[in-house]
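Trainee: Test case, fold it:
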Amino acid sequence: MIVLDIETTGPDPRRHSIVEVGALDFDCPGNYFNERCQIWDGAETDKKALEINGLTLSEIQDPTIFTQEELLSRFIIWTDQIEDKTIAGQNVDFDISFLNESSGRCGLSFRLGKRKVDQHSIVYAHFLKRNIRPPIKHGFSNLNSDLIMNYVGLPSEPKPHRALTGARFEAEALSRLINGRVLFDEFSKYAIPVYLESNNVC
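Mentor: Numbering: from 1, shown residues only. Prediction:
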């Protein structure tokens, strides 16, 4: 599967633009994609979104970096090499909707499969399997990225939030949840909680 994370100028794929795509092959994590692009002409920018990813207007309007079409074309070529293209990540519907909308805007024939692996759902199910009620806020699950990283024994993702860093943290979390083991050497200093070791539930 492909663990995916993108950075954008806001939450609406029809009005806002992709600015960065980070992805890696879960079965071969050394095979990764990480590129930035300029925003498409007419795209809106949300100040809060730029604060989250740490990019400036001058950086996302830089005419010397890839256009949106160029970035997406390169991403399509990269995904073509991967056998299992099932998309995985945190709140991954957000990323998928942006890639689908942006590909259509650029006239590219690229559609991601309708099935995906959502990190939140796996953690939610793991809570229930341990007879623990997932944290709730305003009546809905409050298992955000920081809480999930803490649950698998990792620190919160560094800020500002960048696409490949997000994909690496999500892949590491998925490896601990699914396989009970470390995926990247850089995370080996963070112990895997006992309840995740060898898929042990206690």
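Trainee: May I see the buried residues of the helix or strand encompassing residue 34?
Mentor: If you go by DSSP states H and E, residue 34 is part of strand 28-36. By neighbour count on 16 or more other CB atoms under 10 Å, the buried set for strand 28-36 is 29, 32-36. Where you see a C-beta, it was placed from the backbone N, CA and C, and this is true even at glycine.
Trainee: Can you lay out those residues as TSV showing pLDDT?
Mentor: Shown next, in TSV, are the buried residues of strand 28-36 (pLDDT from 0 to 100):
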residue	pLDDT
29	96
32	98
33	98
34	98
35	98
36	97
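Trainee: Tell me which other helices or strands the longest helix along the chain touches.
Mentor: The residue-count maximum for a helix in the chain (DSSP state H) belongs to helix 163-178. For helix 163-178, the elements it packs on are strand 2-8, strand 18-25, strand 28-36, strand 87-89, helix 119-129, helix 145-151, judged by 3 or more CB pairs under 8 Å, 6 or more residues apart in numbering; DSSP states H and E.
Trainee: ok, and what's touching the fourth one?
Mentor: Where contact means CB atoms under 8 Å, 6 or more residues apart in numbering, the residues beyond strand 87-89 that reach it are 1-5, 26, 95-96, 112-113, 116-119, 166-167, 170-171, 174.
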